[in-house]
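Chemist: Below are the sequence and a predicted model for it; my questions follow.
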Amino acid sequence: MTLYRQVLLLLLLLTVVSLSAVLMLNIKNSSESLRLQQQVSTESALTSLGMRLAPVLQPYDRAFAESTILAAFDGSFFRSIEVTVFANDEIIRKDNQAQPAGVPAWFTNLFEIEPVVAEAPITNGWTEVALVRVEGHPGFVQAQLWRLSTDLLTFYGSLFAFFSLLMMLALRIVVKRPLEQIENQVNAIEQREFGYRIPLPRTRELRQVVKALNHLTGILSEQFKANASQLLTMKTRLQQDPETQVANRRHLINELQSRMSDQQPQAVVMLSLHDRDKIRKHYGYKQWLDLMQQSVESLRQVFSDQQVMIGRLSETDFAVLIPVLPEQDLSEPLAKVAEHMDQLHQQGIAPLPSSCALAGVPIASDDSVTDVFTRLDQALRDAEQQGQNPWLWRSNTEEQPLRSGQEWVNLLRQRIARQELQIRTQPLVAELGGQPVHQEIYAGIKDENGTPLNAAIFVPVLEQFDLGCDLDRAVLAMLQQQAPFETPQVVNVSLSSIRDTQFLQALAEVPAAERSNLVIELAEVYLSRDYSAVQSFVAVLRSLGYHFGVDNLGVGTGFDATDLKYLKEIRPDYLKLAAALCRQVDEQNLTLVAGVVNTARNLDIPVYATAVEQQEQLKALQECGIQGFQGYINNSQQGG
């Protein structure tokens with residue numbers, strides 16, 4: 001029972017006892033007063049009757065005496081009148097033993113009234129001729145007492161109801177409302193929501209409790225902000241070039257290796273600035289810094305896709321990682337960058353007419369990082385033979401021609417329409433050999449020759465031709481055919497699905513009993529591409545009873561986990577680190593992982609690692625505080 005109800009019941013009980021005592025006291029006093037009134041009335045009636053009987057008793061006239069007694073007798077006031085005539089010892093008596101009308105028997109038994117008796121002799125001269133005895137009827141007092149009791153009970157009952165409502169209202173304001181606010185704040189702290197504050201109540205004891213809770217909430221909020229700020233500073237220092245605010249060489253190479261491991265179709269473009277020493281010597285460092293920053297801005301304007309990463313390789317060289325379609329030619333974007341660089345000279349930012357050279361190459365399936373940059377260096381040297389701000393796109397002419405983008409679209413649409421998808425899963429566990437926390441779904445297809453193709457190969461096609469929603473709905477339909485599941489299944493959704501109401505309708509059509517075993521996962525990069533759409537999507541997921549997580553966390557160059565403000569707003573059920581952070585377990589990456597884990601822990605959000613392949617790698621990540629992992633190491637453990 002709540003404190004509010006306990007206090008209310010105690011006050012109501014005290015009120016009932018108090019009013020009952022007052023009621024009983026009033027009834028008792030009224031009873032004495034009514035009995036006294038009856039005694040006075042009885043004695044008055046006795047005197048009057050004696051005066052009227054005296055003339056008819058000497059000489060004695062029985063008939064006249066009886067009529068006189070009968071006239072004086074009133075059954076509502078007297079129980080009996082008795083006259084004893086001394087001349088012949090005759091007794092004349094009238095009685096009324098009836099109970100008072102309308103008075104319950106339990107009341108007469110509860111309040112027994114002693115009858116009032118009065119007697120006196122009747123004299124004729126100096127001679128006593130008779131004795132008159134009058135007994136008052138207690139029923140008269142009980143009837144009056146009953147009417148008075150019902151009136152008092154009605155009054156005190158109304159008074160009790162009024163006081164009860166008044167006490168309920170007062171307790172609600174003084175006790176219940178502050179206690180509810182304290183409970184809400186405790187729940188908010190438990191849910192890691194630190195923006196909730198309670199207005200100070202008037203009750204002194206509760207006021208001290210509220211002050212303490214508000215102070216604690218403020219401390220926790222500041223601690224979370226400090227952790228998030230430290231993480232942002234740390235990531236900026238470890239992953240960002242301080243002069244141009246793009247990825248540094250180490251972070252860029254890690255991301256390139258991760259994308260190559262996932263077999264994502266990529267191209268690399270390099271911009272190499274000329275005459276650094278000459279510009280710095282004759283025009284100053286500020287001129288050189290402006291040239292670098294404007295060159296990076298030119299790359300951002302031309303390669304504006306959110307999955308593009310720009311990084312600095314050296315003092316003069318910048319590289320761009322670009323998801324591409326098969327056989328996509330980047331000659332046109334390279335020409336636009338070169339045109340922008342020409343404009344920099346016209347604007348006075350580039351002091352020399354020719355300020356750079358540009359080259360781009362696609363990444364072959366069997367390339368290593370060294371192979372990629374070797375071909376890039378050669379392409380740059382060849383481009384520099386072509387004149388002012390030259391550029392060169394060099395395709396892989398040695399490889400067999402691949403299908404075009406439209407051929408990819410036709411193949412994908414055909415496989416999706418027929419639901420000819422290859423579904424495989426990868427478990428996420430809390431410890432080696434443990435039961436899966438969930439199974440992540442990976443969708444692929446087979447080409448015309450039956451060769452398996454994983455989704456990473458055709459993701460650029462899905463993004464460019466807006467086929468992601470169709471694929472996600474097909475995966476969802478295939479999973480429903482296999483339901484129910486013992487382990488939650490994780491479905492990665494595309495940004496087009498997040499924006500598409502038809503996909504939300506498909507989620508709504510999933511039976512409610514199966515939704516707890518279906519987890520939706522979205523990439524962190526979507527938060528920067530369309531945050532409002534993500535917020536709306538998450539709100540619908542919550543209303544439908546789905547859990548969701550954010551993956552590929554910590555490698556973005558814009559709106560990402562370095563800030564973590566979005567975590568307080570959308571509150572995902574878990575976070576998954578990007579493979580680029582987990583594969584290279586050096587000191588810098590582990591420092592970032594620990595920072596993300598500590599900040600997310602303040603919100604009670606678990607952090608999981610991906611692409612875990614080796615025992616040493618797993619041990620290092622677990623020391624940073626990750627609460628689960630997935631990767632090849634689970635497959636090898638099962639195989640062993």
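Modeler: Arrived safely.

Chemist: so where do the helices sit in the stretch 1-150 of the chain?
Modeler: 3-53, 62-72, 105-110, 138-171 (DSSP state H, counting those that start in this stretch).

Chemist: between those helices, which one is nearest to Ser516?
Modeler: Proximity of these to Ser516 was assessed by C-beta to C-beta; the nearest stretch is helix 3-53, lying at 34.5 Å. In short, each C-beta sits where N, CA and C put it, glycine included.

Chemist: now for the closest one, which elements pack on it?
Modeler: Counting contacts by 3 or more C-beta pairs under 8 Å, 6 or more residues apart in numbering; DSSP states H and E, helix 3-53 is packed against helix 62-72, strand 78-85, strand 117-124, strand 127-136, helix 138-171.

Chemist: swap the cut-off to 10 Å and go again
Modeler: If contacts are counted by 3 or more C-beta pairs under 10 Å, 6 or more residues apart in numbering; DSSP states H and E, helix 3-53 sits against helix 62-72, strand 78-85, strand 117-124, strand 127-136, helix 138-171, helix 177-190.

Chemist: could you check the angle strand 127-136 makes with it?
Modeler: Helix 3-53 and strand 127-136 are oriented at 160 degrees to each other (axes from the mean of the first three to the mean of the last three C-alpha atoms, to 10 degrees).

Chemist: one step back: with mean neighbour count as added columns, please give the helices and strands packed on helix 3-53 in CSV.
Modeler: Below are those laid out as CSV (neighbours: other C-beta atoms under 10 Å):
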stretch, mean neighbour count
helix 62-72, 14
strand 78-85, 20
strand 117-124, 15
strand 127-136, 19
helix 138-171, 16
helix 177-190, 15
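
Chemist: any idea which of the ones you listed scores lowest on pLDDT?
Modeler: Mean pLDDT per stretch puts helix 177-190 lowest among the helices and strands packed on helix 3-53, at a mean of 76.

Chemist: Off-centre distance for that helix?
Modeler: Relative to its chain's centre, helix 177-190 lies at 14 Å (C-alpha atoms, centre = their mean, to the nearest Å).

Chemist: where along the stretch 151-300 of the chain do the strands fall?
Modeler: For the stretch 151-300 of the chain, the strands defined by DSSP state E, counting those that start in this stretch occupy 266-273.

Chemist: which residues of it score low on pLDDT?
Modeler: Within the stretch 151-300 of the chain, the stretches with pLDDT under 70 are 190-196.

Chemist: ok, back up a step: could you redo the helices and strands packed on helix 3-53 as JSON lines and give each row distance to Thr370?
Modeler: Below are the helices and strands packed on helix 3-53 laid out as JSON lines (distance: least, C-beta to C-beta, whole Å):
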{"stretch": "helix 62-72", "distance to Thr370": "136"}
{"stretch": "strand 78-85", "distance to Thr370": "126"}
{"stretch": "strand 117-124", "distance to Thr370": "129"}
{"stretch": "strand 127-136", "distance to Thr370": "125"}
{"stretch": "helix 138-171", "distance to Thr370": "77"}
{"stretch": "helix 177-190", "distance to Thr370": "52"}
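
Chemist: what's the closest of those to Cys469?
Modeler: It's helix 177-190; of the helices and strands packed on helix 3-53, that one is closest to Cys469 (C-beta to C-beta) at 36.0 Å.

Chemist: That closest one vs helix 3-53, what angle?
Modeler: When the same axes, to 10 degrees is applied, the directions of helix 177-190 and helix 3-53 differ by 160 degrees.

Chemist: Only alpha carbons, please: show helix 177-190 as PDB.
Modeler: Taking C-alpha atoms only, helix 177-190 is exported to PDB below (Å, rounded to 0.1, in the frame of the first residue of the first chain):
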ATOM      1  CA  ARG A 177       2.200  14.700  -5.900                       C
ATOM      2  CA  PRO A 178       5.800  15.200  -4.600                       C
ATOM      3  CA  LEU A 179       6.200  11.500  -4.000                       C
ATOM      4  CA  GLU A 180       5.100  10.800  -7.600                       C
ATOM      5  CA  GLN A 181       7.500  13.400  -8.900                       C
ATOM      6  CA  ILE A 182      10.300  11.800  -6.800                       C
ATOM      7  CA  GLU A 183       9.400   8.400  -8.200                       C
ATOM      8  CA  ASN A 184       9.400   9.800 -11.700                       C
ATOM      9  CA  GLN A 185      12.800  11.300 -11.200                       C
ATOM     10  CA  VAL A 186      14.200   8.100  -9.800                       C
ATOM     11  CA  ASN A 187      12.800   6.200 -12.800                       C
ATOM     12  CA  ALA A 188      14.400   8.900 -15.100                       C
ATOM     13  CA  ILE A 189      17.700   8.400 -13.400                       C
ATOM     14  CA  GLU A 190      17.400   4.600 -13.800                       C
END
